[in-house]
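Engineer: Mind folding the following:
(2 chains)
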There are 2 protein chains.
Amino acid sequence: MSLNADAAAALAPVLERIDADLDAATARLLTLMRIPSISTDPAYKSDCLSAAQWLVRDLQSIGVDAEIRTTPGHPMVVGHVGDDTAAPHVLFYGHYDVQPVDPLDLWDNPPFEPAIEDGPDGPVIRGRGSSDDKGQLMTFIEACRAWKSVHGTLPCRITFFFEGEEESGSPSLVPFMTDNAEELKSDIALICDTALFQSKTPAITTMLRGLLGEEITISGPTKDLHSGFFGGAAINPIRVLAKVIAALHDDQGRITVPGFYDGIQELPDDIAAQWQALSFDEKAFLGDVGLSTPAGEVGRTALEMVWSRPTCEVNGITGGYTGDGFKTVLPARASAKISFRLVGGQDPHKLRESFRTYVKSMLPPDCDVEFRGHGASPASVMSTQNPAFEAARGALSDEWPDTAAYIGCGGSIPIAGYFKQILDMDAMLIGFGKDDDQIHSPNEKYDMESFHKGTRSWARVLAALSA
Amino acid sequence: MSLNADAAAALAPVLERIDADLDAATARLLTLMRIPSISTDPAYKSDCLSAAQWLVRDLQSIGVDAEIRTTPGHPMVVGHVGDDTAAPHVLFYGHYDVQPVDPLDLWDNPPFEPAIEDGPDGPVIRGRGSSDDKGQLMTFIEACRAWKSVHGTLPCRITFFFEGEEESGSPSLVPFMTDNAEELKSDIALICDTALFQSKTPAITTMLRGLLGEEITISGPTKDLHSGFFGGAAINPIRVLAKVIAALHDDQGRITVPGFYDGIQELPDDIAAQWQALSFDEKAFLGDVGLSTPAGEVGRTALEMVWSRPTCEVNGITGGYTGDGFKTVLPARASAKISFRLVGGQDPHKLRESFRTYVKSMLPPDCDVEFRGHGASPASVMSTQNPAFEAARGALSDEWPDTAAYIGCGGSIPIAGYFKQILDMDAMLIGFGKDDDQIHSPNEKYDMESFHKGTRSWARVLAALSA
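Structural biologist: Got it, this is the predicted structure:
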């Protein structure tokens, strides 16, 4: 999709402005990054507030009617700009909080003293929050700043919505969205918290897997027993748990929970064709972590396995004696943390019940099981029928060397689902991170190219959406 | 088997002497129990030495040529008495060290301030070491003291052999036995460190299971992965470990390691008949720990399962995130501690190799396994052909309400095997503990009846062996 001549003419000076302003934009990002807004640690509560206040001031400086909105946790930042009801209305979401920085000794530089460094693929912005999510969030603000600076106005009505609890479970998010639904409701939500598909291939993430977590504890004898005096005669909960886990997959790698695949559709042909065209390097993807063979359902590609197929994984297991040496105990109980990544069509609550019934059906005499639920969120599958998707894809393709792709994401980003559920809005996930950004880890970085071309990308997307 | 008239006449005053001396004997035991000879804790090193010295003096007081024998750890006590080469020569083994006493706050009285208390089944001697093994060890010494006091001599040649490291892995035992084999070699070893079958039924333990320990660690990816980004495509070592463990038993409860049952004989008819006659209360045995169904091989009794059949148990398992809450990690590795209780005919070293080969054969692509051995001791099966067994069984039956039984023990007591392997001696395990003695736990006790009738039992056994 190409812009018409008027729109293209309006865009060109904005892109020039972004290029010219890159150093100043970078300096602004570094200022924001110097605020240690670690949301999970109460010691940084006032820093979170400072980051929110900094954003309010920055938004105000480009004419946005922005303010701090308190919550029981860290504040939200909400801002509005534009009153042309003929223009499309977009909501932009990002988060200003960052992950903790432990272990500190693995950082080459202090995490909150950001710096520009030379990397093998060009300059990078190094420091906590550079990629997740301060750098990404600022690409959008910088694009708006350039529009405002060149044209005195923005091409869309925009609602800014920044959260400060994304890295600590977003406890205030759903209540806030629910309480302020009318104010936040827009035509579409833009979210900048994802990655490029590859360094030259921009992407719009249209499928996110859901997540169902279950902790199961199997108990047998009333107390730990001596394996000499009881071994053989007494049931061993670790063995029972192992049997249950082993039975959750068949020899084709399919999950055996009754009804597990109900409602799942095969990938639409157009998306399947796009994924095929991505020439995903399965060998490199697995090879990077020491593997060679996709371990999921027989006959599926690794890309399908992580983007469009559901999983059942054991994330933790414990039982009996786990210290040094040996202890011949028959434990009274054993437990495992089991999670399911879900895809479109799967109902997490129904599957939770089915899973529990299934596990109970496998128990031998004298065993009990306790379940503890840990979250149940459905998959998000965006309909690309909304013309904004093709408009944005065209804009991204204009900026980057490769055509933009609709991709999946094996992880779960609950915010996308919330926009749909609470505000009945589609969400479009566009981000410029890279797989090697080391988010959540020491030495987090964001490529200067991601920051620069990301800003240019948003300028293009805004132009395209307004066209 | 009954004693002839002469032997019976010699025994009667000894038993009377034991009865008359019970208070003084109890006082001596309490003195020994006041010495906190915790072998595993270096802080009690001098107390261990004190206990050994106390025993040397006590043996010397009844005419035994006893002395401390140093080792790299706690000392042995070795003593000899008697020079009538026509008399049988027995070795008596016990241990003077005790278990640690944590948690101290669960003791009703200080563990090393022993006291006589009234229990529901009569008076008990309460305190650390009362049953394991100071009280049991002293039954033999008190029997000898009574013989000596009445007759001025003992009915057998006796070698006393007391260890001070039984509760801390006996690191000095095998080297000491090897270095002093000639001195220790006797006709038979008597060991007093086991229990009655039931409160009125004395027992000689003739079968002890061996123990093979293996720690296995299965690794997959080179590092912990995010289950969103890799889940489905990457192999999960916890799942692989669960499959391996689940495959170790078939649906009949039999162990599937190739060759596992090679060399195992069914129980001899006479032993099987004796076990049958014991009317073992399977329901109570399992019910005490909250179970109802024997969990081992289909078609076997619980008694067989713990006394005469081999097992494969998982004593510990760990992998991934095991803290509070949830973490969607795909771990790089998972491990389990697996032990096998072995019976007569099984070769632990051969089975270790077979187990390792079997586990390797079950691994999917991209997985590795590391093994770490933790001990490999064969079962001990005593031949009751040695006439000393029937002699002792008759003597025990004369003392207690019920006929004495040959029984098995599901646990492993390596010392019995060492006497066979190193000194080519049969070992006879006779003890007077009860299942509720709380050995290794707070409030350990030994019934006064165990102490009194245990002493009388040894007087009878010595008479029977000398007859």
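Engineer: Determine which residue lies closest to the centroid of chain A.
Structural biologist: residue A:413 (4.0 Å; C-alpha atoms, centre = their mean).
Engineer: Would you tell me which residues of the stretch 351-467 of chain A are close to chain B?
Structural biologist: Listed as neighbours of chain B in the stretch 351-467 of chain A under the rule C-beta under 8 Å from any C-beta of the partner chain: A:364, A:365, A:366, A:374, A:375, A:409, A:410, A:411, A:412. Heads up, the C-betas are built off the backbone N, CA and C, glycines and all.
Engineer: what about the last one, which helix or strand?
Structural biologist: For residue A:412, there is no enclosing helix or strand under DSSP states H and E.
Engineer: and it, how many neighbours does it have?
Structural biologist: 23 (other C-beta atoms under 10 Å in any protein chain shown).
Engineer: pLDDT value on the nearest residue to it once chain neighbours are set aside, please?
Structural biologist: Across the structure, with C-beta to C-beta, 6 or more residues apart in numbering or on different chains as the measure, the residue nearest residue A:412 apart from its sequence neighbours is residue A:211 (4.4 Å). As predicted, residue A:211 sits at a pLDDT of 93.
Engineer: Could you tell me whether residue A:211 really is in a strand?
Structural biologist: Yes. Using DSSP: H, G, I helix; E, B strand; the rest coil, the assignment for residue A:211 is a strand.
Engineer: got a list of what it touches?
Structural biologist: A:339, A:340, A:341, A:342, A:348, A:375, A:376, A:377, A:412, B:228, B:328 (C-beta atoms under 8 Å, 6 or more residues apart in numbering or on different chains).
Engineer: residues contacting the spatially closest residue to the last one that is not a sequence neighbour?
Structural biologist: Okay, so that is residue B:328. Leaving out its chain neighbours, the residue that sits closest to residue B:328 by C-beta to C-beta, 6+ apart is residue B:227, at 4.1 Å. Going by C-beta under 8 Å, 6+ apart, residue B:227 touches A:311, A:313, A:315, A:339, A:341, B:328, B:329, B:330.
Engineer: where along the stretch 1-150 of chain A do the strands fall?
Structural biologist: A:65-69, A:76-81, A:89-95, A:115-119, A:122-126 (DSSP state E, counting those that start in this stretch).
Engineer: could I get the ones you listed as JSON lines with mean neighbour count?
Structural biologist: Shown next, in JSON lines, are these (neighbours: other C-beta atoms under 10 Å in any protein chain shown):
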{"stretch": "strand A:65-69", "mean neighbour count": "16"}
{"stretch": "strand A:76-81", "mean neighbour count": "22"}
{"stretch": "strand A:89-95", "mean neighbour count": "25"}
{"stretch": "strand A:115-119", "mean neighbour count": "13"}
{"stretch": "strand A:122-126", "mean neighbour count": "20"}
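Engineer: want to try a markdown table for those strands, with mean pLDDT and distance to chain B as columns?
Structural biologist: Compiled in a markdown table, the strands of the stretch 1-150 of chain A are given as follows (pLDDT from 0 to 100; distance: least, C-beta to the nearest C-beta, whole Å):
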| stretch | mean pLDDT | distance to chain B |
| --- | --- | --- |
| strand A:65-69 | 98 | 28 |
| strand A:76-81 | 98 | 25 |
| strand A:89-95 | 98 | 17 |
| strand A:115-119 | 96 | 22 |
| strand A:122-126 | 98 | 21 |
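Engineer: Neighbours of residue A:387, how many?
Structural biologist: 12.
Engineer: Revised request: answer the last question for residue A:282.
Structural biologist: With other C-beta under 10 Å as criterion, residue A:282 counts 16.
Engineer: Can you give the contact residues for stretch A:243-250?
Structural biologist: Residues contacting stretch A:243-250 (C-beta under 8 Å, 6+ apart): A:216, A:218, A:255-257, A:312, A:314, A:317, A:336, A:338, A:359, A:362-363, B:238-239, B:242-243, B:245-247.
Engineer: Cross these against helices and list the overlap.
Structural biologist: Applying DSSP state H to the contacts of stretch A:243-250, the entries found in helices are A:359, B:238, B:239, B:242, B:243, B:245, B:246.
Engineer: quick one, what contacts residue A:252?
Structural biologist: A:297, A:298.
Engineer: As CSV, the strands of the stretch 1-150 of chain A with distance to residue A:424 would be great.
Structural biologist: CSV is the format used below for those (distance: least, C-beta to C-beta, whole Å):
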stretch, distance to residue A:424
strand A:65-69, 21
strand A:76-81, 19
strand A:89-95, 12
strand A:115-119, 42
strand A:122-126, 36
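Engineer: Ok, which of those comes nearest residue B:279?
Structural biologist: strand A:89-95 (70.8 Å; C-beta to C-beta).
Engineer: Which elements pack onto that closest one?
Structural biologist: helix A:134-151, strand A:157-163, strand A:188-191, helix A:414-423 (3 or more C-beta pairs under 8 Å, 6 or more residues apart in numbering or on different chains; DSSP states H and E).
Engineer: let's go with 6 Å and repeat that
Structural biologist: strand A:157-163, strand A:188-191 (3 or more C-beta pairs under 6 Å, 6 or more residues apart in numbering or on different chains; DSSP states H and E).
Engineer: what does that strand contact?
Structural biologist: Contact with strand A:89-95 is made by A:133, A:137, A:140, A:156-163, A:166, A:186-192, as judged by C-beta atoms under 6 Å, 6 or more residues apart in numbering or on different chains.
Engineer: Of the strands of the stretch 1-150 of chain A, give the one that comes closest to residue A:299.
Structural biologist: strand A:89-95 (37.3 Å).
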